[in-house]
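J.: From the sequence below, what's the structure:
(chains A and B)
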Amino acid sequence: MKILFWLVTALVLFVIVAPLAWIYLTAFKSPNDIFTTEARKLIFFKPTMENFNRLFREFPFWDNFVNTAIISVSSTVVVMVIASFAAYSFARWNTGKGHLLFTTISTRMFPGVVAAIPFFVMYRNLGLLDTRFGLALLHIYFNVSFATFLLYGFFKEIPVELEQAAMVDGYSRVDIFRKIVLPLVRPGLAVTAVFCLVWSWNEFLFSFLFTRVAARPVTVLISSFWGSIEVQYGPMAAGAAIVILPTLVAAWFMQRYIIRGLTFGAVKG
Amino acid sequence: MQTEALSEVQVESTVARKPAIWETLTSEKYFKWTLLIPLLIVLAIFMVYPLLYCAYYSFHQWGMRGEAIYIGAQNYRQLLNDKAFLEALYRTLKVLVICVSCELLIGLGLALLWSREFPGENIVRGLALLPLLVAPLILSLLWNFMFEFDFGAVNLVLQALGLNKVYWWSPERALYTICFITIWQWFPFSTFVLVAGLRSLPRDVFEAAKVDGASPWYTFRRLTLPMLSPLIMIIVVLRTMWLIRLFDPLYGTTRGGVQTELLDWIVYRTAFVYFDIGYGSTMAIFSLVLTIAVCAVMFKILMRALEGAR
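T.: Numbering: from 1, shown residues only, chains lettered A, B, ... in the order given. Sure, this is the predicted structure:
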């Protein structure tokens, strides 16, 4: 029974981890080892840095990487401000009696293309296409509802009595929010911020539609290696290996919070 | 300590008198709305505006150049007879059913396996949750390569095992291959939601059932499943929300070819490849109404399930 348990567990983990590990294996393979029909070479090969060298030399990898970093960090900062205000209001006063909260969360169900059509036309007229600012705005929109809903759960956990005590002590509403509530939800703020960073880091639809060269995020660069004429598996794997690293690290350290985050705070995993 | 804090606040308020508007905004009555202003602005710009825009152009013929021509409900009439669109709709529902049911079944099985705490649990969970935060686009590119006919790892392994190579991206299989990629990324999600659920179930009920001589299958069917149903509902609702707008895995693999075009992809193709803004808006509005209808029902169920879970 014990053996069966570990056998199944090991098999499941292999199915999950092997493809991810394979990105890292491919990244260090020479083209000959990538385009091989020998099963042995999947694991046994002579490692080379060729793909990384090509990636850095022939493609604007670091420029695009910096774009991704700037866009995700700046949009996350704005999202956290907006969402923490709103989530506190929803959690403490049930503002809008649930309807507003539903409206907020329903933006997350919006097909991205619905927003994309008008904003593409508008951005073209305003000259915002292919700018980091323009893309960051869209990322704010697409993360804000998620962040509000997740933070709502964290704010709900703070006992009202604490705030009432502070009011007796003469704190104003603003002081209570700043000096009492925010420090208490710090773990929640951290978790939410990491999620927003990851979603923005991974976002593809808007990034792909609204950027060309200057503001192009790194996911779009990597997708371009899979062209209709030739496929550059080497640089693709090398780029992917670097780009997914921060998200893998985030997943590992946030493992206690991932389920909570993905269920919008409903299930505390 | 308290008196210090009190005097500090008083000093602050006497030294710098805030303007009247600030007083109003932070007053007991209006503060809750003040906090919502930024969010409402974002929602107005990014939700209301696109909605009105798409609704307006869905009654026009416009290709981004020249004047938009009013054509009444003709776009909608065309949509209901558009074979490609209806097929995309059907395929989306198919993907939805396949992915959600497979993820639930695998998740339930593994959750039962891992329902008791075991040594090394943190490592198992840490590894299992890894794919969830990786960009779906990159994962789809990865699997696209893994499923490649000649050099793909999957076929090489099949060959090494003495089996035949499979053409994974044929028109009959491609949609299922895409489903597989999605299921592979998301089954850890349902697994660990259900693990959390199983661990929060009251022990004594199950012990009582055991004492009464109930069979494991009977206990599972009559006790475990009903108690897990709020969580199963949460999984179904959330996964529906994500799956209905599946786009990235298509871009990384078939790009809507070999009979894999889904709802969001056909809207994208109409609006951004053919630049048919009018007809694209019509499709967008249609898929939006569909999503909202599905999600409004599901949100109600979800809220009821949440009450049950808490």
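
J.: which residues of the stretch 1-150 of chain A fall in strands?
T.: Using DSSP state E, counting those that start in this stretch, no strands are found in the stretch 1-150 of chain A.

J.: Report how many residues lie close to the closest residue in space to residue A:257 that isn't next to it in sequence.
T.: Nearest non-adjacent residue to residue A:257, counting by C-beta to C-beta, 6 or more residues apart in numbering or on different chains: residue A:191, 4.7 Å away. For the C-beta atoms, the positions are set from N, CA and C on the backbone; glycine is no exception. Burial measure for residue A:191: 21 neighbouring residues, criterion other C-beta atoms under 10 Å in any protein chain shown.

J.: One more: residue B:108?
T.: Count around residue B:108 with other C-beta under 10 Å applied: 20.

J.: which SS state does it fall under?
T.: Three-state call for residue B:108 (DSSP: H, G, I helix; E, B strand; the rest coil): helix.

J.: Spit out the contact partners of the nearest residue to it once chain neighbours are set aside.
T.: Leaving aside its sequence neighbours, residue B:108 sits nearest to residue B:194 (C-beta to C-beta, 6+ apart; 5.9 Å). When contacts are counted by C-beta atoms under 8 Å, 6 or more residues apart in numbering or on different chains, residue B:194 touches B:107, B:108, B:111, B:228, B:231, B:232, B:235.

J.: Does the last one touch residue B:187 like I think?
T.: So the one you mean is residue B:235. No: the pair residue B:235 / residue B:187 is not scored as a contact, 10.6 Å apart, by C-beta atoms under 8 Å.

J.: shared neighbours of the two, anything?
T.: Here residue B:235 and residue B:187 have B:103, B:107 as joint contacts, going by C-beta under 8 Å, 6+ apart.

J.: is chain B contacted by stretch A:180-188?
T.: No: applying C-beta under 8 Å from any C-beta of the partner chain, one finds stretch A:180-188 separated from chain B by no less than 10.6 Å.

J.: you'd agree residue B:84 is up against residue B:261?
T.: Yes: using C-beta under 8 Å, residue B:84 makes contact with residue B:261 at a distance of 7.0 Å.

J.: of those two, who's got more company?
T.: A side-by-side neighbour count of residue B:84 and residue B:261, using other C-beta under 10 Å, places residue B:261 first with 22 against 11.

J.: Pull up the gap between residue A:142 and chain B, please.
T.: Distance of residue A:142 to chain B, computed by C-beta to the nearest C-beta, to the nearest Å: 8 Å.

J.: The stretch 151-269 of chain A: helices as residue ranges?
T.: Along the stretch 151-269 of chain A, counting by DSSP state H, counting those that start in this stretch, helices occupy A:160-168, A:173-175, A:182-184, A:186-202, A:205-210, A:218-224, A:233-253, A:255-262.

J.: between the lengthiest helix in chain A and helix A:233-253, how big is the angle?
T.: In chain A, taking DSSP state H as the definition, the longest helix is helix A:61-93. Counting by axes from the mean of the first three to the mean of the last three C-alpha atoms, to 10 degrees, helix A:61-93 lies at 30 degrees to helix A:233-253.

J.: thinking again about what came up before, okay, the residue nearest to residue B:108 and residue B:230: tell me how far apart.
T.: 11 Å (C-beta to C-beta, to the nearest Å).

J.: One more: residue B:101?
T.: For residue B:101 relative to residue B:230 (C-beta to C-beta), the value is 18 Å.

J.: nearest spatial neighbour of residue A:255, skipping sequence neighbours?
T.: Nearest non-adjacent residue to residue A:255 (C-beta to C-beta, 6+ apart): residue B:126, at 4.8 Å.

J.: Spell out which helix or strand contains that neighbour, please.
T.: Secondary-structure element containing residue B:126, defined by DSSP states H and E: helix B:121-129.

J.: what sits up against that helix?
T.: A:9, A:12-13, A:16-17, A:251-252, A:255, A:258, B:114, B:118, B:188, B:191-192.

J.: for stretch B:257-273, same thing?
T.: A:111-114, A:116-117, A:120, A:205, A:209, B:84-85, B:87-89, B:91-92, B:95, B:169-171, B:174-175, B:178, B:244-247, B:250, B:253-254, B:256, B:276-277, B:279-281, B:283-284, B:287.

J.: Filter these down to the buried ones and hand me the ChimeraX line.
T.: Buried residues within the contacts of stretch B:257-273, by 16 or more other C-beta atoms under 10 Å in any protein chain shown, are selected in ChimeraX with:
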select /A:111,112,113,114,116,117,120,205,209 /B:85,88,89,91,92,95,169,174,175,178,244,245,246,247,250,253,254,256,276,277,279,280,281,283,284,287
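
J.: Any regions of the chain where pLDDT drops low?
T.: You didn't say which chain, so I picked chain A. Scanning chain A with the threshold set as pLDDT under 70 gives A:228-229, A:269.

J.: Not quite, go with chain B.
T.: Chain B contains residues with pLDDT under 70 at B:1-17, B:302-303, B:305-310.

J.: Give me the distance between the residue nearest the centre of chain B and chain A.
T.: Central residue of chain B (C-alpha atoms, centre = their mean): residue B:242, 1.7 Å from the mean position. According to C-beta to the nearest C-beta, residue B:242 and chain A sit 9 Å apart.

J.: got it, and residue B:208?
T.: According to C-beta to the nearest C-beta, residue B:208 stands 24 Å off from chain A.

J.: ok, now which ones touch that residue?
T.: Contacts of residue B:208 (C-beta under 8 Å, 6+ apart): none.

J.: Equivalent analysis for residue B:73, please.
T.: Contact analysis of residue B:73 by C-beta under 8 Å, 6+ apart lists residue B:59.

J.: Just want to check the distance between it and chain A.
T.: Relative to chain A, and taking C-beta to the nearest C-beta, residue B:73 is found at 19 Å.

J.: Phi and psi next, for that residue.
T.: Dihedral pair for residue B:73: phi -90, psi 20, per degrees, to the nearest 10.

J.: ok, now residue B:61?
T.: Backbone torsions for residue B:61, taken as degrees, to the nearest 10, come to phi -110, psi 120.

J.: Go ahead and confirm it touches residue B:71.
T.: Yes: judged on C-beta under 8 Å, residue B:61 makes contact with residue B:71 at a distance of 5.1 Å.

J.: joint contacts of the two?
T.: Joint contacts of residue B:61 and residue B:71 (C-beta under 8 Å, 6+ apart) are residue B:278.

J.: if I've got this straight, residue B:65 is in a strand?
T.: No: using three-state DSSP, the assignment for residue B:65 is coil, not a strand.

J.: sorry, back to before: which one of the contacts of residue B:194 is nearest residue A:236?
T.: residue B:107 (30.7 Å; C-beta to C-beta).

J.: got the CA coordinates for stretch A:144-156 in PDB?
T.: Below are the C-alpha coordinates for stretch A:144-156, written out as PDB (Å, rounded to 0.1, in the frame of the first residue of the first chain):
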ATOM      1  CA  VAL A 144      -7.400  45.200 -10.600                       C
ATOM      2  CA  SER A 145     -10.500  43.100 -10.200                       C
ATOM      3  CA  PHE A 146      -8.500  40.000  -9.200                       C
ATOM      4  CA  ALA A 147      -6.500  42.000  -6.600                       C
ATOM      5  CA  THR A 148      -9.600  43.700  -5.100                       C
ATOM      6  CA  PHE A 149     -11.400  40.300  -4.700                       C
ATOM      7  CA  LEU A 150      -8.400  38.600  -3.100                       C
ATOM      8  CA  LEU A 151      -7.600  41.500  -0.800                       C
ATOM      9  CA  TYR A 152     -11.300  41.600   0.200                       C
ATOM     10  CA  GLY A 153     -10.900  38.300   1.800                       C
ATOM     11  CA  PHE A 154      -7.800  39.400   3.700                       C
ATOM     12  CA  PHE A 155      -9.500  42.600   5.000                       C
ATOM     13  CA  LYS A 156     -12.500  40.600   6.100                       C
END
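
J.: Give me the buried positions along that stretch.
T.: Using 16+ other C-beta under 10 Å as the test for burial, stretch A:144-156 gives A:144, A:145, A:146, A:147, A:148, A:149, A:150, A:151, A:152, A:153, A:154, A:155.
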